[in-house]
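S.K.: No letters, just coordinates:
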């Protein structure tokens, strides 16, 4: 399986002005630092490499695989706008009719289910991954679409890193997170990610 980000989220989860208000910073000297900490905190939680195992703001992804399976797990929850294509034996890209599949959202995963009347077409066997699922993942395009607690977690984490510019603890995953951030993000973490 190959997962690729096609179009990153267009909006900002937390603006510089919001972050400075959160941190009670009233000067511009650290704007670049604060902006980078917002990006780092967002990246720590968000997307393919984030600890949540989900996208916050909506972004476009492709998932490529070697064939068609009755139930195909997608790597994120909150999936929309799905298109399925494949490369046929002649090297041409073909599109699967959306009426032949459905998206099944479960509490811990999203599945693409091929309906019983779907017949797997012949694939280009010279390719390792001739099947491609293109989809949107995330809560929405604006910060207001994301649960307020996750926006607050980004603010708390960025503020924590601003105040503690050196590593504060050593240990495993999330060892240096403030306890409040851990508590806020716990319900949103995808199990097994």
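M.R.: Nice, thanks for sending it over. All figures in this text were calculated on a predicted structure; none of them were measured in a lab. Numbers count the residues shown, from 1 in each chain.
S.K.: List the buried residues in stretch 70-80.
M.R.: Burial within stretch 70-80, assessed by neighbour count using 16 or more other C-beta atoms under 10 Å, is assigned to 72, 74-79. The way it works is simple: take the backbone N, C-alpha and C, and place the C-beta from them, glycine included.
S.K.: How about stretch 149-166?
M.R.: So, applying 16+ other C-beta under 10 Å, buried residues of stretch 149-166: 150-151, 153-162.
S.K.: What is the lowest-mean-pLDDT helix or strand in the chain packed up against?
M.R.: One helix or strand of the chain scores below all others by mean pLDDT, DSSP states H and E: helix 179-185, with a mean of 86. When contacts are defined as 3 or more C-beta pairs under 8 Å, 6 or more residues apart in numbering; DSSP states H and E, helix 179-185 packs onto helix 148-163.
S.K.: circling back: using JSON lines, please lay out the buried residues of stretch 149-166 together with distance to residue 46.
M.R.: Shown next, in JSON lines, are those (distance: C-beta to C-beta, whole Å):
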{"residue": "150", "distance to residue 46": "9"}
{"residue": "151", "distance to residue 46": "11"}
{"residue": "153", "distance to residue 46": "11"}
{"residue": "154", "distance to residue 46": "9"}
{"residue": "155", "distance to residue 46": "14"}
{"residue": "156", "distance to residue 46": "15"}
{"residue": "157", "distance to residue 46": "11"}
{"residue": "158", "distance to residue 46": "13"}
{"residue": "159", "distance to residue 46": "17"}
{"residue": "160", "distance to residue 46": "17"}
{"residue": "161", "distance to residue 46": "16"}
{"residue": "162", "distance to residue 46": "19"}
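S.K.: Strands of the protein, start to end?
M.R.: Assignment of strands within the chain using DSSP state E yields the ranges 2-7, 59-65, 71-74, 79-87, 93-95, 101-105, 110-114, 131-137.
S.K.: mind checking which of those is nearest residue 14?
M.R.: Within those, the stretch nearest residue 14 is strand 59-65; the backing value is 16.4 Å (C-beta to C-beta).
S.K.: ok, residues contacting the closest one?
M.R.: Applying C-beta atoms under 8 Å, 6 or more residues apart in numbering, the contact partners of strand 59-65 are 1-9, 47, 55, 72, 74-76, 129, 131-138.
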